[in-house]
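[1] Next comes the sequence, and after it the predicted model I'd like to discuss.
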Amino acid sequence: MNKTELIEVVSSKAEVTKAEAGRVVNAVFEAINEGLKSDGKVVLPGFGSFEVRKRTARVGRNPRTGEQIKIKASKVPAFRPGKGMKEAVSKKK
């Protein structure tokens with residue numbers, strides 16, 4: 001499912017126009033980004049949690065040349081599914 005398909009599903013389930021659903025979906029994405037930026041964590045019970053994880057600096061390799069390169073430390077977003085999502089995905093159809 002891509003963003004356009006998600007907007008269509010939200011539109012039909014919430015019985016709103018696609019334009020309204022698009023604004024809502026975009027607002028949710030922006031809110032998650034802002035939460036990660038300010039607090040470093042966004043928890044949605046039953047769905048999961050988003051958090052910022054720190055990656056340490058490390059040595060990698062250029063796949064073309066095999067040359068060693070230094071990769072800087074960075075922060076990356078991560079998602080951990082909640083119990084409700086795990087159960088929904090594991091159910092057989």
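    Nice, I can see it. Worth saying up front: this structure is predicted, and the values here are computed from it rather than measured.
[2] Give the buried residues for the longest helix along the chain.
    Looking across the chain with DSSP state H, the single longest helix is helix 18-38. Within helix 18-38, the residues scored as buried using 16 or more other CB atoms under 10 Å are 21, 22, 25, 35, 36. Where you see a C-beta, it was placed from the backbone N, CA and C, and this is true even at glycine.
[3] how about the CA coordinates for the helix or strand just after it, as PDB?
    Next helix or strand after helix 18-38 toward the C-terminus (DSSP states H and E): strand 41-44. Written as PDB, here are the backbone C-alpha positions of strand 41-44 (Å, rounded to 0.1, in the frame of the first residue of the first chain):
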ATOM      1  CA  LYS A  41       9.500   9.100  20.800                       C
ATOM      2  CA  VAL A  42       5.900   8.800  19.700                       C
ATOM      3  CA  VAL A  43       3.800   6.100  21.300                       C
ATOM      4  CA  LEU A  44       0.500   4.900  19.700                       C
END
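[4] Between helix 18-38 and the following helix or strand past strand 41-44, find me the angle.
    Counting by DSSP H and E, the next helix or strand C-terminal to strand 41-44 is strand 48-55. In terms of direction (axes from the mean of the first three to the mean of the last three CA atoms, to 10 degrees), strand 48-55 departs from helix 18-38 by 40 degrees.
[5] Nice, that's everything, thank you.
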